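Visitor: Structure of the sequence below:
(one chain, ligands or ions: 1)
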Amino acid sequence: MTAKTMDELVSLCKRRGFIYQSNELYGGLQGLYDYGPLGVELKNNLKQAWWKAMVYDRDDVEGLDASVLTSPKVLQYSGHEDTFTDPLIDCRSCNSRWRADDLVELRCPSCNSEDLTEPRPFNLMFKTNIGPVDDGKNFAYLRPETAQQIFTNFKNVLDSTSRSLPFGIAQIGKAFRNEVTPRNFIFRTREFEQMELEFFVVPGTDEKWLDFWVQARLKWWADQGIDPKNLELHKVKSHELSHYSKTTIDIMYGFPHGLEELEGIANRSDFDLGSHTRDQAELNIKSKVKENPDSATRLAFQDKQTNAWEVPYVIEPSAGVERGLLAILNEAYKVEKLEGGKERLVLALKPHLAPIKAAVIPLKRNHVGLVEQASKIKKTLQSLQLGRILLENSGNIGKNYRRHDEVGTPLCVTVDFQSLEDHTVTLRDRDTMGQKRLPVSEVPAHLQGMLGIK
Ligand code: GAP
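Guide: Just a heads-up that it's a prediction; the model follows:
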């Protein structure tokens with residue numbers, strides 16, 4: 001059973017310290033969220049899982065962490081200055097603004113007036129000054145996608161790693177879009193993170209690699225706990241494609257507010273490298289690109305045998321971290337009926353994503369002997385570097401189990417008076433609620449087993 005409403009997720013996230021409205025103290029800023037003690041752990045775990053699958057587990061991908069502030073030239077030649085827009089409509093009666101494609105009837109959703117302006121393009125990129133002079137000339141954009149700096153670093157990475165095609169460059173980082181109507185909690189925000197891979201391939205092999213990445217990404221989402229039944233593939237219609245795309249397949253997920261894009265996998269052809277490259281005329285670029293007299297470098301690949309230059313095609317799996325979190329939280333959220341008519345809320349996260357891997361709980365709060373024993377166990381488990389281990393010295397064992405069910409902690413380790421005598425503890429499993437007694441010395445292996453490490 002998945003969550004019924006977005007409100008239930010929002011409430012859990014705030015109550016348990018996953019996600020808060022940003023700038024709430026001063027009334028909040030729309031479309032921005034802060035990640036609390038458990039949110040930051042969950043986010044980091046998801047990003048690590050992506051990095052592991054996309055970089056460490058492969059032999060053909062390098063990593064990158066480029067700057068957020070981006071030269072206007074990059075976004076001029078990438079096409080974003082001209083085309084990264086949403087059609088905007090103003091209501092002349094109440095001055096509210098809407099995305100044209102959000103208006104089902106030609107009426108203002110706020111005041112119902114029909115006195116609306118014609119749609120006009122609104123560029124979604126944020127700008128900021130560079131340096132002390134605010135003359136409108138020295139500015140940078142906050143990147144609207146992490147991809148562009150991967151393209152502009154193509155030659156740097158190629159030269160410093162001696163890669164040959166096919167190979168990829170992966171990056172995780174913030175992206176910013178001045179969305180006209182941010183909404184649906186963390187689904188559409190103005191500041192978010194992307195996990196993007198630009199995979200450079202020999203032209204002609206691009207559609208084969210597109211299929212490969214679609215299948216690989218579906219499997220990865222399933223490995224993060226998303227039921228494949230809740231995922232759908234949508235081929236983007238040609239008139240809806242981004243300006244750079246030859247083909248795009250969206251992985252759609254049934255969010256609480258409806259079926260929407262979780263990740264896009266695009267065949268960006270030779271558009272981006274072709275747009276940013278020097279010597280365009282000599283390179284047989286197949287996409288329609290702007291003439292570029294400003295680029296200092298040739299972004300192409302030279303075949304060692306034939307010496308011929310070729311601009312690679314690019315396959316791009318691009319996933320949003322926050323949309324991933326929302327989907328994962330939605331899948332994990334379960335209300336279970338217990339014996340005696342009671343209910344429990346459990347967040348059945350995959351253990352590798354759980355913000356807290358294990359809670360070590362002294363049966364009696366502040367009892368010196370129990371807390372000392374529990375602290376030792378916590379330290380031993382923490383030294384395994386599996387993620388956060390929590391010493392839960394807050395009394396009431398029943399309440400602790402319930403709290404840890406709600407935040408997805410897969411294992412609770414309870415230290416009681418018997419533990420002081422025979423060095424055994426009670427292990428309590430989040431999903432089955434089953435309990436068993438084990439020697440303290442066996443707890444590390446048990447936890448590693450739960451996390452699939454041993
Ligand atoms: N580099 C390609 C690119 O940026 P996109 O479809 O615009 O393509 C990729 O974005 C992914 O980034 C989306 O599938 C979504 O997961 C995430 N994303 C895009 N806009 C977002 C927003 N305003 N808030 C949260 N996530 C967003």
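
Visitor: Ile361 bridge partners, please.
Guide: Legend: beta-bridge partners of Ile361 under DSSP bridges are Thr414.

Visitor: neighbours of it, just the number please.
Guide: 27 (other Cβ atoms under 10 Å). No exception for glycine: its C-beta is placed from N, CA and C like everyone else's.

Visitor: wait, it sits on Leu411?
Guide: No - using Cβ atoms under 8 Å, Ile361 makes no contact with Leu411, being 10.7 Å away.

Visitor: where in the protein is pLDDT low?
Guide: Applying pLDDT under 70 to the chain picks out residues 1-3, 454.

Visitor: Within range of the ligand, give me the residues from it.
Guide: Contact residues, the chain versus the ligand (Cβ under 6 Å from any ligand atom): 145, 147, 177, 179, 188-189, 192, 194, 196, 261-264, 316, 318-320, 322-323.

Visitor: Show only the entries of the residues you listed found in strands.
Guide: Among these, the members found in strands (DSSP state E) are Phe192, Gln194, Glu196, Glu261, Leu262, Glu263, Gly264, Glu316, Ser318, Ala319, Gly320.

Visitor: Would you check which pair of these lies furthest apart?
Guide: In those, two members sit farther apart than any others by Cβ to Cβ. They are Phe192 and Glu316, at 16.7 Å.

Visitor: can you map out the helices along the stretch 151-300 of the chain?
Guide: Assigned by DSSP state H, counting those that start in this stretch, the stretch 151-300 of the chain shows helices spanning 154-161, 206-223, 271-276.

Visitor: Pull out the buried positions in the first one.
Guide: Judged by neighbour count (16 or more other Cβ atoms under 10 Å), helix 154-161 contains these buried residues: Phe154, Lys155, Val157, Leu158.

Visitor: now stretch 319-335
Guide: Of the residues in stretch 319-335, 319-333 count as buried by neighbour count, 16+ other Cβ under 10 Å.

Visitor: Can you tell me which of the residues you listed lies closest to Thr380?
Guide: Within the buried residues of stretch 319-335, the smallest distance to Thr380 is 27.8 Å, found for Ala332 (Cβ to Cβ).

Visitor: which residues touch that closest one?
Guide: Gly225, Leu347, Ala348, Leu349, Gly408 (Cβ atoms under 8 Å, 6 or more residues apart in numbering).

Visitor: Please tell me how far it sits from Trp220.
Guide: Distance, Ala332 to Trp220, by Cβ to Cβ, to the nearest Å: 16 Å.

Visitor: Report how many residues lie close to the closest residue in space to Leu124 that isn't next to it in sequence.
Guide: Counting by Cβ to Cβ, 6 or more residues apart in numbering, Leu124 lies nearest to Arg177, which is 4.5 Å off, once chain neighbours are set aside. Per other Cβ under 10 Å, the neighbour tally for Arg177 reads 22.

Visitor: My guess is Arg177 contacts Arg143. True?
Guide: No - with contact defined as Cβ under 8 Å, Arg177 does not reach Arg143; the gap is 9.8 Å.

Visitor: one step back: adding distance to Gly173 and secondary structure as columns, could you present the contacts of Ala332 in a markdown table?
Guide: Listed next are the contacts of Ala332 as a markdown table, based on distance: Cβ to Cβ, whole Å; DSSP: H, G, I helix; E, B strand; the rest coil:
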| residue | distance to Gly173 | secondary structure |
| --- | --- | --- |
| Gly225 | 24 | coil |
| Leu347 | 27 | strand |
| Ala348 | 29 | coil |
| Leu349 | 24 | coil |
| Gly408 | 26 | coil |
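
Visitor: roughly how far apart are Gly131 and the ligand?
Guide: 28 Å (Cβ to the nearest ligand atom, to the nearest Å).

Visitor: neighbours around that residue, how many?
Guide: Using other Cβ under 10 Å, Gly131 is surrounded by 9 other residues.

Visitor: List the contacts of it.
Guide: Asn138.
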